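A.B. asks: I'd like to go over a predicted model; first the sequence, then the structure.
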Amino acid sequence: MKQTFLTTFAYAKINFALAILGVRDDGYHELQSVMQSIALHDVVRVRRTGEAMICRCGALSGKGNLAYIAAELFLNELGLPGGIEIDIDKYIPIQAGLAGGSSDAAATLRLLNQLYDTPLSREELIALAGKCGADVAFCLRGGTMWATGRGERLNLLPNVLEVDLVLVKPAAGVNTREAYRQFDRSGRGGFLSKSDWEMALREASPLKIAGLLYNDLEIASMTMVPEISNLKRQLLEEGCYGALMSGSGSCVFGISQSREHAQKVAERLIKKGCANVWVTKTVKDVLV
């Protein structure tokens, strides 16, 4: 007999900063990043069905979905049979640099652990998330994190104060692998100061956070989607404290002066013809 669905939000993330230190021996890039959960979210539902594994997510349904892969890893880790049904209502845009797939995978792991009466500890669940993909462990924990390695090694930063944001995405997305390939051809990596970020976050200063925004992939992605540069300029012209492309793009976020300011900026961007605009805010830890 089918059970009632367990349901949770799968929060998107932005990168307040992303520096590329080089290419590792395993072919991945060594990163430094300040990662932040935001209120924009998908809705993920999970239940046991006694049948084969099913993942419904519109055009992203099936075995290729990262939530499906995460569920397989969870079941295999514990030697459990299949019979899991996953339903995802998708609101986080794809190829945007917002970790939509990773957030769905993290939410699936969180729900499965609840569904099976918490067989994995917090630490074990985070370790399993790290096997799913670089951003999944962050999406499981959420909040404000200092990320290194491929993005899977996480250390707590002071939780950012509630910051109002405007997100705007070009029609075109950016393939993450292509962004890194483009960077490797022409980019030069930078370096982040963890102490500077800790200070800005402790002072709860949106202006200081805006002054530290940084993304080594921005120029590489702009060569593929030039509209990224135009949208960033528009956010700054509309009075945002700072603006940056998130992750590998193509979504750009602006740190607004207030919720009311964010709404006004979004309205003006929509009037200018921007079709994909969201008003959102930062959120604290997801996994508690």
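C.D. replies: Done, it's in.

A.B. asks: now do the buried residues in whichever strand in the chain runs longest.
C.D. replies: Scanning the chain for the longest strand, with DSSP state E as the assignment, gives strand 29-48. By 16 or more other C-beta atoms under 10 Å, the buried positions in strand 29-48 come out as 29, 31-42, 44-48. C-betas here are computed from N, CA, C, even on glycine.

A.B. asks: so what does that strand touch, helix or strand wise?
C.D. replies: Using 3 or more C-beta pairs under 8 Å, 6 or more residues apart in numbering; DSSP states H and E, the elements in contact with strand 29-48 are strand 6-23, strand 84-89, helix 100-115, strand 144-149, strand 164-169, strand 276-281.

A.B. asks: export those to CSV and tack on mean neighbour count, distance to L236 and mean pLDDT?
C.D. replies: Formatted as CSV, those follow (neighbours: other C-beta atoms under 10 Å; distance: least, C-beta to C-beta, whole Å; pLDDT from 0 to 100):
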stretch, mean neighbour count, distance to L236, mean pLDDT
strand 6-23, 22, 16, 96
strand 84-89, 22, 33, 97
helix 100-115, 26, 25, 97
strand 144-149, 20, 23, 95
strand 164-169, 25, 11, 98
strand 276-281, 18, 16, 98
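
A.B. asks: quick one: which of those is nearest K131?
C.D. replies: Nearest to K131 among those is helix 100-115 (10.3 Å), distances taken as C-beta to C-beta.

A.B. asks: which residues sit against the next helix or strand after that closest one?
C.D. replies: Going down the chain from helix 100-115, the next helix or strand is helix 122-132, by DSSP states H and E. Contact partners of helix 122-132, identified using C-beta atoms under 8 Å, 6 or more residues apart in numbering, comprise 66, 69-70, 73-74, 77, 102, 105-106, 109-110, 113, 120, 136-137, 139-141, 152, 154, 287.

A.B. asks: that'll do, ta.
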